[in-house]
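K.L.:
sharing a model that was predicted from the sequence below.
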Amino acid sequence: MSHVNRDFAGIVISDINMPHMTGLELLAQVQAFDSELPVILLTGFADVALAVEAMHQGAYDFFEKPINERLLDSIARALDKRRLVLENRQLKKAVKHNKEPGVRILGETPAMQAMLELLNTVA
């Protein structure tokens, strides 16, 4: 868990049954520092109540082993969600730190910088 933080660009995939903690305990730890980090849980024992509990606690998805292509689809969706969450956080941070008066347009390309200079001149 030391490599996983609020800026972690990946997702978490865990088995429910592990030696030192359960997948639900891991899910709770992840949720405590970033509720928007997707956690996919796997189990070798089909248990509808456990799946419902995991989803209720915030698991992104829940799969019974053996895994199949549905897991790959879920991973792709979870990674896309994570990318969007991190991008949104970055944009919010950029807007928050831009306290200067004037136009509020984000962009770092030379064309956007030239446009910003022109808009500030006009303003």
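P.N.:
Great, that's in hand. Quick caveat, the model's predicted, so the values are computed rather than measured. Numbers count the residues shown, from 1 in each chain.
K.L.:
in this structure, which spans are helices?
P.N.:
With DSSP state H, the ranges of helices along the chain come out as 23-33, 48-56, 69-97, 110-122.
K.L.:
please save the CA atoms from stretch 58-66 in CSV.
P.N.:
Written as CSV, here are the backbone C-alpha positions of stretch 58-66 (Å, rounded to 0.1, in the frame of the first residue of the first chain):
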residue,chain,number,x,y,z
GLY,A,58,-17.5,0.9,-2.6
ALA,A,59,-15.8,-1.8,-4.6
TYR,A,60,-15.7,-0.9,-8.3
ASP,A,61,-16.5,-4.5,-9.3
PHE,A,62,-16.5,-8.0,-8.0
PHE,A,63,-15.6,-11.2,-9.9
GLU,A,64,-15.7,-14.9,-9.2
LYS,A,65,-12.7,-17.0,-10.3
PRO,A,66,-11.8,-18.2,-12.8
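K.L.:
mind checking the pLDDT average for it?
P.N.:
Mean per-residue pLDDT for stretch 58-66: 94.
K.L.:
who's the closest residue to I13 other than its chain neighbours bridged to?
P.N.:
Nearest residue to I13, sequence neighbours excluded (Cβ to Cβ, 6 or more residues apart in numbering): I40, at 4.7 Å. Just so you know, the C-beta spots here come from the backbone N, C-alpha and C atoms, and that holds for glycine as well. Counting by DSSP bridges, I40 forms beta bridges with I13, D61.
K.L.:
so what's the residue count around M112?
P.N.:
12 (other Cβ atoms under 10 Å).
K.L.:
A9 too?
P.N.:
9.
K.L.:
how close does it sit to L26?
P.N.:
For A9, the distance to L26 (Cβ to Cβ, to the nearest Å) stands at 19 Å.
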